[in-house]
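Student: Pasted the sequence and its predicted model underneath.
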Amino acid sequence: MTLKIICECGTKYSFEVDPTATTMPFSVACPKCGLDGTEKANVLLAEQPSATAPEVPNTATENKSKVRLRLDNGPMPVASAPVAPGAHYGIEYCNRHTREPASERCVVCQKPICPRCMEQFGYLCSVRCKYDAEKDGIEVPVCKEQKFVMANLENKTVMLRTWVLFGTLLGSFILYVAYYLYFSKPKPVYAINLEKQRSEFSRFLSPEELLVVQSRKVSIYSPQTKKEVWVTVVKEGIGSEFDFERPGVAVTESAIFLANSQGLYQFDRKSGAKTVLQEFQTPAITIEAREPFISVVLRNSKAARTILTLNTEDAKIISYTEDVKVADPVIIDTKNRPKLPPTSSNLLNKELSDKVENDPTAERMKTDFVASPRGPIRMEVELQELKGDFVATVRAAGASKLNGSTRASSNVRDLLNEISNDSTRQGSKGSKWINQSRYKVRLSKPNNTGPGWRGEVNGDISFFPLQTVCALFSGPNLTVLDGIAEKKLFESKLNYEIDDRFKAGESHQFDPPATEREGKLYVYDAGVLSCFEIASGNVVWRLTSVGIQKLTFDNKGFIYVSTTGRTPESIQYSEQSRVGDRDLEVLLKVEEKTGVVKWKIENLGSDCHLSGKYLYTTSLIWGGFTRDPEAHFRVYRIHPDSGKQIWEYYHKGSANGVSAQGRSIALDYGDKIEVIKYFDF
């Protein structure tokens, strides 16, 4: 018979007992709290009905009156005992749960037990066997299916997972701190000392190739192995420490092409084997690399030029020799220049300046050869009518700060500004000449082949061939021609003239103020960035920003605009002294389609360098009032999405060039090239 007891702690447990017993033949206790349950078991036994033997019917009496005929064919079969269900299949059933198949036997009494019993008692069948095992010292194996064993195992698993999670979080925190404080910051990993020959050009070709061009040799270095891959001498005994013209470099998958003042050369990219394509006998005036061409203009004489065009796709050179029209520039009459007050310093400066040829000039006649993606274009400019005007570049002088009330506690910055502005007025007379002259312009292929384009424009002229169009600037006017400079597409008037650096003879050394991209033309003058639709010539959008230096496009529809924080007033008063007021370096992230500014950062560098998903800016500041001011160069890593600074790298001195390749940055200091690197996820 099975008795079931509910302990005061709420635990339910049961055990088997002889149904004929009136009292418990053994003691029982709660398996959880250990409280004695014998008394409750005795009460339950007393409440059970007394067990009696079952009545057997008296068949002999009932059958006395009946007469039966029975044939004696042998002994009567003996009735067998009842068979448990499934016994004839060899299945053993639990002693307690008679309908449950047994899986084990009790280690004490050897009774069959099922999984339900094992969940409560393990390899025992009852509490009695548990106490007998403890009393007799019988070793009972641990049952994994037992509830308290599973609970303990679950608790251990939870604790283990908790410790693993805690260890993971702690390790991640330590790694993050180490990454943030050390590994994420750039560190010098490789330095190339260039000895006596300074670098003229350096650039990453791949993560394993750093190209360095000097006046007498070309080299490839591997920043990963920190070794020189190959070095090739360009020409022995020729070339000064600095060439007058910056070399032109073009790179293909298998070769490196170089144009310098000595000649045109081809180098095998793997071995450095040199091929002399052509050596120059006359000085090079201009060297321009516009893929797939490198164009070189040689000065044969004052009125003769040789134009060499190297096609890097087949290493062939096309040569033209042409006569050019040359005339001395026109010296501008300065009688209309604003008059200065007749102070002793101004009169002395006038006497000195009259002996120096520093008056403004205007081109009378010139011929240039400009490199383009389709070969060189000849540009002839001839003066038709001279006109222009002087504008003040320094505000008119006000009341002087230098007077009898000046003390040591006076505002030093105001005094320095006043002295500097007075010096500017005496040197350049505080004004500049704005050229509004009328010129005849002719654009054609070399040797005047093809129809070309002819027209008249006003103002200083600058010409920039782009991918499929050409941009001709004249004063504040823009004329856009087709790619071969034969057909005018549209004209537009800009807000200001382009910056003076694009008007000088070295304008080809800078990125042009116009960029063609996906049917749009992006043009910036001294104060406004404009987007034109090439097909129609319509203005898509304009963005006011004074002092734009460069445009950098990514592949996600944004432009990084390197600019300044100056005001439009500074365009006219360009020589106004602002001692103590550092020009703000500004970088804007602008949407290509709309011109909307996504973010703006100040004083974190403005010269932008983009390499994949990494955005860097550089800043060069000259400090001090000494004759030899100190240079302070910084590199910043900027988050492209937010514009926030991630890290800063400082170098005391100036840098001639920066080349980024992923997480590696090559800094060209002239006499040394330093490669810095950092870790990033």
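Tutor: Yep, that arrived.
Student: isn't there a helix covering Asp422?
Tutor: Yes. Read with DSSP: H, G, I helix; E, B strand; the rest coil, Asp422 is one of the residues of a helix.
Student: Excluding chain neighbours, what is closest to it?
Tutor: Using C-beta to C-beta, 6 or more residues apart in numbering and skipping residues adjacent in sequence, the residue nearest Asp422 is Ala397, 7.0 Å away. The C-beta positions use only the backbone N, C-alpha and C, and glycine is treated the same way.
Student: Then Tyr13?
Tutor: For Tyr13, the spatially nearest residue (C-beta to C-beta, 6+ apart) is Pro31, at 5.6 Å.
Student: Next: Ala471.
Tutor: Spatially, and ignoring its direct neighbours in sequence, Ala471 is nearest to Ala514 (4.2 Å; C-beta to C-beta, 6+ apart).
Student: Check the gap between that neighbour and Glu491 for me.
Tutor: Relative to Glu491, Ala514 is positioned 14 Å away (C-beta to C-beta, to the nearest Å).
Student: next one: Leu529
Tutor: Note on Leu529: its distance to Glu491, by C-beta to C-beta, is 19 Å.
Student: show me where pLDDT drops low in the stretch 51-200 of the chain?
Tutor: Within the stretch 51-200 of the chain, the segments meeting pLDDT under 70 span 51-90.
Student: Can you show me the strands along it?
Tutor: Counting by DSSP state E, counting those that start in this stretch, residue ranges of the strands within the stretch 51-200 of the chain are 104-105, 112-113, 187-193, 199-206.
Student: Kindly report the same for the stretch 501-650 of the chain.
Tutor: In chain order, the stretch 501-650 of the chain shows strands spanning 514-517, 520-524, 528-533, 539-544, 550-553, 558-564, 585-591, 597-602, 607-611, 614-623, 630-638, 645-652, with DSSP E, counting those that start in this stretch as the criterion.
Student: JSON lines for these, including mean neighbour count, distance to Gly483 and mean pLDDT?
Tutor: Compiled in JSON lines, those are given as follows (neighbours: other C-beta atoms under 10 Å; distance: least, C-beta to C-beta, whole Å; pLDDT from 0 to 100):
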{"stretch": "strand 514-517", "mean neighbour count": "20", "distance to Gly483": "10", "mean pLDDT": "94"}
{"stretch": "strand 520-524", "mean neighbour count": "22", "distance to Gly483": "13", "mean pLDDT": "97"}
{"stretch": "strand 528-533", "mean neighbour count": "20", "distance to Gly483": "16", "mean pLDDT": "97"}
{"stretch": "strand 539-544", "mean neighbour count": "15", "distance to Gly483": "21", "mean pLDDT": "96"}
{"stretch": "strand 550-553", "mean neighbour count": "18", "distance to Gly483": "20", "mean pLDDT": "94"}
{"stretch": "strand 558-564", "mean neighbour count": "21", "distance to Gly483": "23", "mean pLDDT": "95"}
{"stretch": "strand 585-591", "mean neighbour count": "22", "distance to Gly483": "26", "mean pLDDT": "95"}
{"stretch": "strand 597-602", "mean neighbour count": "14", "distance to Gly483": "32", "mean pLDDT": "95"}
{"stretch": "strand 607-611", "mean neighbour count": "17", "distance to Gly483": "26", "mean pLDDT": "93"}
{"stretch": "strand 614-623", "mean neighbour count": "18", "distance to Gly483": "32", "mean pLDDT": "90"}
{"stretch": "strand 630-638", "mean neighbour count": "19", "distance to Gly483": "35", "mean pLDDT": "93"}
{"stretch": "strand 645-652", "mean neighbour count": "14", "distance to Gly483": "41", "mean pLDDT": "94"}
